[in-house]
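The following comprises the amino acid sequence and a computationally predicted model.
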Amino acid sequence: MLSEISNKNLIGILGKNGWKSDSHVTNWQKLAYGLFIHWGIYSKLGGVWDNQPVKEGYSEQIQMWQGISREDYLRVAEQFSAEKFDPKAICQLAKDAGMKYIVFTTKHHDGFCMFATKTTSYNIVEATPFGQDALYLLADECQKHGLKLGLYFSLVDWNQGHEFDKDNGNSIPESLEVIIKEQLKELLSNYGPIAELWFDMGAPTLDQSNAIVSLVHDYQPEAMINSRIWNNAGDFRTLSDNEIPTEDIDTVWQAPASINHATWGYRSWQQRDDFSIKLDTLIHNLIKVRAKGGNYLLNIGPRGDGSVVEYEADMLREIGAWLRRHPGIVHGNQSVNIPVQRWGQIMAGQDELYLYLTGSSVGDTITLPGLASPVLEITEDNSNQELRWEQNSYVLTIYVPKQFNESFVPVLKVKLSEEVRIIPDNVVVPREGKWTISPEYVSFAHGYYDEGNYTSMQLTTVKLTTFLAAAYEREVSIQFQGTANLEYRYQIQLGEQVKIVTGRELLGDMVGSFTVPALEVVPMSIALADPTYNDQDLGIEMEQIIVHT
């Protein structure tokens with residue numbers, strides 16, 4: 001029956017994981033790829049104390065892992081001349097890398113402020129021979145280079161009385177809350193437009209999280225706040241360090257990544273991977289994150305003198321060179337609800353698909369099932385090399401050339417005669433007058449939630465979706481079998497038709513009525529009607545869904 005469905009009946013079936021409707025959220029999503037900078041007093045130490053490498057923990061947290069006193073740490077600050085800190089060069093490096101924004105560590109867990117502040121003399125202007133506001137210098141160059149600025153800010157502050165805690169799950173006493181708010185007011189007032197507030201660690205209460213979110217939005221309404229403000233109060237979800245999700249994520253999210261996973265701050269004795277292997281890995285990870293709809297924030301850890309490690313600078317430039325050959329990954333292409341193929345990842349433009357050959361099973365041919373839009377031509381992206389292909393029964397077969405022009409991840413550009421249209425792989429047709437939908441015909445979209453600290457973050461299920469098709473128009477009702485939260489309100493949507501029911505009603509006999517049109521593929525989904533926070537779990541265990549005529 002699916003062969004009888006014309007292309008015009010597939011509009012909207014693609015279901016892009018596209019940009020959200022809120023303009024400031026969309027503007028943040030379009031930043032796509034940014035530079036994280038971990039630089040502070042810890043950089044002067046480079047992962048070494050008493051002439052011995054400190055091998056436990058991240059090097060930016062060396063004060064805790066080595067038990068360094070405040071007095072000894074301050075003596076390190078007195079040597080922090082940062083004579084090679086060059087914000088102009090750093091901004092140019094970010095642009096050469098294809099990045100659109102920079103997130104700078106204004107204050108890490110050590111409590112040392114890398115900006116001018118009236119709240120403490122424990123800052124780069126007053127306590128170091130450098131004697132300048134590093135953040136101001138960087139912010140000025142970001143504006144000149146057309147880069148957006150984000151601010152990292154730790155909620156843990158060892159200088160203000162927090163005990164060393166290997167989980168960094170310290171609560172926020174009222175005295176520190178006052179200081180945090182004063183420092184945030186300075187940061188939000190003195191450095192121009194802020195695109196992103198990147199909070200980290202600590203264990204604030206829900207009231208504290210909400211109060212800080214309100215403060216940030218009062219001063220900078222367009223700023224996006226990451227989820228490490230905790231208690232599910234942020235604007236976007238920051239994944240765990242170096243996490244690349246394997247699940248389908250239906251939220252606004254970012255993947256923070258370090259070139260060397262063992263540390264974010266500079267480590268002088270770090271053994272670095274083979275350059276080509278690491279470059280290939282980072283490009284693969286960038287593609288995976290972007291193809292799933294996330295932003296990618298890649299870190300460098302400059303030395304204590306402010307200079308960028310040559311290995312890291314060269315790595316960024318080579319990623320940028322690849323992006324200049326394939327700019328769509330960060331300039332306009334969007335993720336799509338097409339299952340990941342064994343051969344790689346997929347993104348979509350308006351009337352083209354981009355196939356990123358990141359998989360290990362690229363043979364003489366690759367196939368893309370479910371493509372309903374007619375193909376005009378297929379080329380290797382950024383080249384004139386045309387590829388042979390066939391399109392039969394919604395299956396696209398591409399003959400892979402023996403050699404690509406691209407030396408790292410090859411990209412194929414599939415030019416279409418119309419906008420992208422896909423027949424999903426989980427379409428259900430009626431049998432004996434009803435659709436019986438088991439879990440294998442349902443796609444589950446996920447998010448994350450936390451209980452107020454880093455160690456409590458968990459995956460949630462936020463939506464389930466399947467697709468129905470029928471030879472002729474039918475009036476139907478839906479019967480859900482399984483478990484649900486009786487007090488939640490659920491939104492059942494079939495095409496454009498929406499009904500809101502309680503969990504108790506969802507588990508009742510029938511929910512209806514809906515219309516399944518003739519010879520169309522229609523999405524049917526269940527989500528929370530009014531979640532109390534982004535990514536709240538559905539509270540559902542599904543056995544099967546029966547759609548009755």
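Great, that's in hand. A quick note: this is a predicted structure, and the numbers were derived from the prediction, not measured.

got the buried residues for the top strand by length along the chain?
Secondary structure of the chain read by DSSP state E shows that its longest strand is strand 458-469. With burial defined by 16 or more other Cβ atoms under 10 Å, the residues of strand 458-469 counted as buried are Thr460, Thr461, Val462, Lys463, Leu464, Thr465, Thr466, Phe467, Leu468, Ala469. (C-beta placed from N, C-alpha, C; glycine too.)

show me what contacts Trp49?
Neighbouring residues of Trp49 by Cβ atoms under 8 Å, 6 or more residues apart in numbering: Ile62, Gln66, Ile68.

So for it, what pLDDT did the model give?
Here the pLDDT value assigned to Trp49 is 97.

same deal with Asn333?
Model confidence at Asn333, given as pLDDT, is 91.

what's the spacing between it and Ala348?
Counting by Cβ to Cβ, to the nearest Å, the gap from Asn333 to Ala348 is 6 Å.

Looking at these two, which is more packed in?
When neighbours are counted by other Cβ atoms under 10 Å, Asn333 and Ala348 differ, and Ala348 comes out ahead with 25 against 21.

Name the residues that touch stretch 82-99?
Under the contact criterion Cβ under 8 Å, 6+ apart, stretch 82-99 has outside partners 33-35, 37, 102, 124, 128, 130, 134, 137-138, 140-142, 144-147, 298, 302-308, 313, 316-317, 319-320, 323-324, 327, 330.

give me that answer again for 6 Å
The contact list for stretch 82-99, computed with Cβ atoms under 6 Å, 6 or more residues apart in numbering, reads 33-35, 102, 130, 137-138, 141-142, 145, 147, 305-307, 313, 316-317, 319-320, 323.

hmm, back to that, from the contacts of Trp49, list the buried ones, please.
The neighbour-count test (16+ other Cβ under 10 Å) applied to the contacts of Trp49 identifies Ile62, Gln66, Ile68 as buried.

ok, these vs Thr358, which is closest?
Within the buried ones among the contacts of Trp49, distances to Thr358 taken as Cβ to Cβ reach their minimum at Ile62, with 35.5 Å.

just to confirm, which helix or strand has the closest one in it?
When elements are defined using DSSP states H and E, Ile62 is found to belong to helix 62-66.

Show the average pLDDT along that helix.
For helix 62-66, the per-residue pLDDT averages 97.

export whatever helix or strand comes next after it as CSV, just CAs?
Note on helix 62-66: by DSSP H and E, the next helix or strand toward the C-terminus is helix 70-77. Output in CSV follows, covering the C-alpha atoms of helix 70-77 (Å, rounded to 0.1, in the frame of the first residue of the first chain):
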residue,chain,number,x,y,z
ARG,A,70,44.9,29.1,49.7
GLU,A,71,48.2,30.8,50.6
ASP,A,72,50.3,28.5,48.4
TYR,A,73,47.8,28.9,45.5
LEU,A,74,48.0,32.7,45.9
ARG,A,75,51.8,32.5,45.5
VAL,A,76,51.2,30.9,42.2
ALA,A,77,49.0,33.9,41.3
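
which secondary structure elements does helix 70-77 contact?
Where contact means 3 or more Cβ pairs under 6 Å, 6 or more residues apart in numbering; DSSP states H and E, helix 70-77 is packed against helix 41-45.

Which helix or strand lies directly C-terminal to the helix it packs on?
As assigned by DSSP H and E, the chain's next helix or strand after helix 41-45 is strand 48-49.

Would you mind pulling the contact partners of whichever helix or strand comes after that following strand?
Past strand 48-49, heading to the C-terminal end, the next element that is a helix or strand (DSSP H and E) is strand 52-53. With contact meaning Cβ under 6 Å, 6+ apart, strand 52-53 is reached by Gly47, Trp269.

which residues of the stretch 401-549 of the chain fall in strands?
411-416, 427-428, 434-437, 443-449, 458-469, 474-483, 489-494, 497-502, 511-516, 521-528, 541-548 (DSSP state E, counting those that start in this stretch).

Pipe those strands into TSV and attach distance to Pro173 per row.
Conversion of these to TSV gives the following (distance: least, Cβ to Cβ, whole Å):
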stretch	distance to Pro173
strand 411-416	52
strand 427-428	55
strand 434-437	52
strand 443-449	25
strand 458-469	27
strand 474-483	41
strand 489-494	38
strand 497-502	41
strand 511-516	49
strand 521-528	35
strand 541-548	41
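
Mean pLDDT and distance to Trp230 for these - can I get that in JSON lines?
JSON lines is the format used below for the strands of the stretch 401-549 of the chain (pLDDT from 0 to 100; distance: least, Cβ to Cβ, whole Å):
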{"stretch": "strand 411-416", "mean pLDDT": "97", "distance to Trp230": "38"}
{"stretch": "strand 427-428", "mean pLDDT": "93", "distance to Trp230": "40"}
{"stretch": "strand 434-437", "mean pLDDT": "95", "distance to Trp230": "37"}
{"stretch": "strand 443-449", "mean pLDDT": "95", "distance to Trp230": "10"}
{"stretch": "strand 458-469", "mean pLDDT": "96", "distance to Trp230": "13"}
{"stretch": "strand 474-483", "mean pLDDT": "95", "distance to Trp230": "29"}
{"stretch": "strand 489-494", "mean pLDDT": "97", "distance to Trp230": "26"}
{"stretch": "strand 497-502", "mean pLDDT": "96", "distance to Trp230": "30"}
{"stretch": "strand 511-516", "mean pLDDT": "91", "distance to Trp230": "36"}
{"stretch": "strand 521-528", "mean pLDDT": "95", "distance to Trp230": "21"}
{"stretch": "strand 541-548", "mean pLDDT": "96", "distance to Trp230": "27"}
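
For Asn159, which of the ones you listed is the nearest?
Smallest distance to Asn159 across the strands of the stretch 401-549 of the chain (Cβ to Cβ): 30.5 Å, for strand 443-449.

quick one: buried residues of that closest one?
When neighbours are counted by 16+ other Cβ under 10 Å, the buried residues of strand 443-449 are found to be Ser443, Phe444, Ala445, His446, Gly447, Tyr448, Tyr449.

Contact partners for the fifth one?
Neighbouring residues of Gly447 by Cβ under 6 Å, 6+ apart: Thr251, Thr460, Val462, Asp535.
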